[in-house]
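Chemist: have a look at this fold, sequence not included:
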């Protein structure tokens, strides 16, 4: 199996590959669950940062600056704001580490598992099913076009803009694409 899988908008490998690699579905579910709490933690960090506005000022001169209480803010209030912000940042950072680890684990599982014989056989079976679907779709398209031409001929209506020869050429190109990925080629890919 080659690695030329097109990039998907969601960044995930195709579902057939996830299904074929043992443990990948569970790893993906775990990664998604781990990621689910991120918005709440980011919101908490942003809220803690907003609470500090106007109450914390930068002291010192660059490059040696540090936060300090703004005028009229008690040290106790300043310390509480700083602690809340630090706690929120720490929780978000811990979440980011867990989430990243879960996604790395999923990616590693896919990367290592896609070359396993069991996964290759499952992907081959999927490809053969899709090949059969493509053959059936082409046959249905050819039949629909034939019936449409027959009906147009019966009604004596003008034919489509393209001549029949162009349509036949396109159908041959589609047939060539289907034939290029025959079940025999799937079997040799699995054996490789």
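Modeler: Nice, thanks for sending it over. Since the structure is predicted, the reported quantities are computational estimates derived from the model, not experimental observations.

Chemist: what sits against residue 106?
Modeler: 24, 27-28, 30-31 (C-beta atoms under 8 Å, 6 or more residues apart in numbering). Heads up, the C-betas are built off the backbone N, CA and C, glycines and all.

Chemist: which PyMOL command selects the buried ones in these?
Modeler: The buried subset of the contacts of residue 106, as determined by 16 or more other C-beta atoms under 10 Å, is captured in PyMOL by this line:
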select buried, resi 24+27+28+31
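
Chemist: turn the contacts of residue 106 into TSV, columns for distance to residue 99 and secondary structure.
Modeler: Output for the contacts of residue 106, formatted as TSV (distance: C-beta to C-beta, whole Å; DSSP: H, G, I helix; E, B strand; the rest coil):
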residue	distance to residue 99	secondary structure
24	17	helix
27	13	helix
28	13	helix
30	10	helix
31	7	helix
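
Chemist: mind putting the contacts of residue 106 in JSON lines, distance to residue 94 and pLDDT included?
Modeler: What follows is the contacts of residue 106, written out as JSON lines (distance: C-beta to C-beta, whole Å; pLDDT from 0 to 100):
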{"residue": "24", "distance to residue 94": "25", "pLDDT": "93"}
{"residue": "27", "distance to residue 94": "20", "pLDDT": "94"}
{"residue": "28", "distance to residue 94": "22", "pLDDT": "94"}
{"residue": "30", "distance to residue 94": "16", "pLDDT": "93"}
{"residue": "31", "distance to residue 94": "16", "pLDDT": "91"}
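
Chemist: buried residues in the strand or helix carrying residue 124?
Modeler: Assigned by DSSP states H and E, residue 124 belongs to helix 117-155. Residues 119-120, 122-124, 126-127, 131, 145 are the ones in helix 117-155 that count as buried (16+ other C-beta under 10 Å).

Chemist: okay, now the domains of the chain?
Modeler: Domain segmentation of the chain under automatic domain parsing yields 15-113, 117-191.

Chemist: looking at those, which is buried most?
Modeler: Burial of these is given as mean neighbour count (mean count of other C-beta atoms under 10 Å); domain 15-113 ranks first at a mean of 14.

Chemist: ends of that domain, what's the gap?
Modeler: One end of domain 15-113 to the other measures 14 Å (C-alpha to C-alpha, to the nearest Å).

Chemist: so how far is that domain off the chain centroid?
Modeler: Distance, stretch centre to chain centre, for domain 15-113: 22 Å (C-alpha atoms, centre = their mean, to the nearest Å).

Chemist: before we move on, the earlier item: dump the buried residues of helix 117-155 to a markdown table, plus distance to residue 176 and pLDDT.
Modeler: Formatted as a markdown table, these follow (distance: C-beta to C-beta, whole Å; pLDDT from 0 to 100):
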| residue | distance to residue 176 | pLDDT |
| --- | --- | --- |
| 119 | 29 | 87 |
| 120 | 26 | 87 |
| 122 | 27 | 86 |
| 123 | 23 | 86 |
| 124 | 21 | 86 |
| 126 | 22 | 88 |
| 127 | 17 | 87 |
| 131 | 14 | 89 |
| 145 | 17 | 80 |
